[in-house]
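Chemist: sharing a sequence plus its predicted fold:
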Amino acid sequence: MIRIGILGAAGYTGGELIRLLIHHPEAEIVFANSESNAGNRVADVHEGLYGETDLQFTADMPFDQVDVVFFCFGHGKSEAFLKEHQLPERVKIIDLAQDFRLAPQTAAGGHDFVYGLPEIHKAAIARARHVANPGCFATCIQLGLLPLAQAGLIAHDVSVNAITGSTGAGQKPGATTHFSWRTGNMSVYKVFTHQHLAEIRQSLAELQGSLEASIDFIPYRGDFARGIFCTEVVTFDGDEGSPTNPTAEQLAAMYETFYRDAPFTYYIYKALDLKQVVNTNKALVHIDKFGRKAVITCAVDNLLKGAVGQAVQNMNLMFGLDETAGLGLKAMAF
């Protein structure tokens, strides 16, 4: 059994992680840390877990008793935590914040974290001691574009619109997560400046060799709790069917080949719906072709494939388990 510690266990990602791990065939949660909830039953905070676990939150962090620790902190706290605490060398870390997502040569001070997107880094994740889990928007947007980057086809600016559920903003209440503001409403935020853009560009440049094109990303706040639905518009050069302007059939074949060994990412041949992925670790991708333009749609659950589902997928790889262990979840399609 993999012995697990969770830091920041009282938030949305902490609760979803516990939900997955208590049913994982090879996992044992040793501690779920939350100083503000120490002594409280986990199910009294994450109420969907009533009858599932008797686990209690603790202020303790017995790192010597675990094999891996999940950091479910807010952004910026993971790096500060590691400067203040010494973990045993053998203990692996999966960080769900953005602190270590950029490559060591890019990040100030350097680090040894592997960027944990299994669709492109599976072998490196399997060897890693430290993994930086990708962002939720970043996961969805990248999965829609990676096959094109590998083929060198992102030559022009890409227009991206993506809408996320309210859980993407975290559990702490705020003006834009308040029910009376969010319900029946939509809004944009961080237009062209979202923090996930850097990791998106990093992965696309890695596959393509370079990336001069802009990723023009407009994020939306949605009137629903969970999920991300993304549309991306890419422009090609040349005549239809040429190497720089693939046909719809060629694009579909390209995506199917790219994701052939990815157990959770699927190219589908019809328009997709958000509910096909909510409550799962799946990513669905579809392309429509209009002359020199392609419209790519992709959907993920922001808390699962966009966060803790992918983190458990990475844990499975790091410990030599079946990549899909503990992640056989049904979509909430109705």
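Modeler: Alright, I've got the coordinates.
Chemist: following the helix or strand where residue 57 lies, which helix or strand shows up next?
Modeler: Using DSSP states H and E, residue 57 maps to strand 57-58. Of the helices and strands lying after strand 57-58 in sequence (DSSP H and E), the nearest is strand 68-71.
Chemist: who does that next one pair up with?
Modeler: Strand pairing for strand 68-71, determined by DSSP bridges: strand 2-7 (parallel), strand 92-95 (parallel).
Chemist: okay, these in JSON lines with mean pLDDT next?
Modeler: Listed next are the strands paired with strand 68-71 as JSON lines, based on pLDDT from 0 to 100:
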{"stretch": "strand 2-7", "mean pLDDT": "98"}
{"stretch": "strand 92-95", "mean pLDDT": "98"}
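Chemist: could those be laid out in TSV, adding distance to residue 101 and mean neighbour count?
Modeler: Yep, even glycine has a C-beta here, placed from its N, CA and C like the rest. Below are the strands paired with strand 68-71 laid out as TSV (distance: least, Cβ to Cβ, whole Å; neighbours: other Cβ atoms under 10 Å):
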stretch	distance to residue 101	mean neighbour count
strand 2-7	18	22
strand 92-95	9	24
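Chemist: any idea which of those strands gets closest to residue 217?
Modeler: Shortest distance between residue 217 and the strands paired with strand 68-71, using Cβ to Cβ, is found for strand 92-95: 22.8 Å.
Chemist: helix or strand for residue 250, which one?
Modeler: Assigned by DSSP H and E, residue 250 falls within helix 248-258.
Chemist: what lies in contact with that helix?
Modeler: 119, 146-148, 150-151, 241, 246, 267, 269, 285, 287-289, 294 (Cβ atoms under 8 Å, 6 or more residues apart in numbering).
Chemist: excluding chain neighbours, what is closest to residue 201?
Modeler: Residue nearest to residue 201 in three dimensions, not counting chain neighbours: residue 211, with 5.7 Å by Cβ to Cβ, 6 or more residues apart in numbering.
Chemist: which residues touch that neighbour?
Modeler: Applying Cβ under 8 Å, 6+ apart, we find residue 211 in contact with 149, 154, 201, 204, 205.
Chemist: re the thing from before, for residue 178, state which of the contacts of helix 248-258 is nearest.
Modeler: Comparing the contacts of helix 248-258 against residue 178 with Cβ to Cβ places residue 285 closest, at 33.2 Å.
Chemist: burial measure for the closest one, as a count.
Modeler: Neighbour count of residue 285, defined by other Cβ atoms under 10 Å: 27.
Chemist: surely it is within a helix?
Modeler: No - in this structure, residue 285 is strand, not part of a helix, as judged by DSSP: H, G, I helix; E, B strand; the rest coil.
Chemist: so it bridges to which residues?
Modeler: Beta bridges link residue 285 to residue 267, residue 298 when assigned by DSSP bridges.
Chemist: just the ones of the contacts of residue 211 in helices?
Modeler: Counting by DSSP state H, these place 149, 201, 204, 205 in helices.
Chemist: before we move on, the earlier item: buried ones only from the contacts of helix 248-258, please, as a ChimeraX command.
Modeler: Of these, the buried ones can be selected in ChimeraX as follows, counting by 16 or more other Cβ atoms under 10 Å:
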select :119,146,147,148,150,151,246,267,285,287,289,294
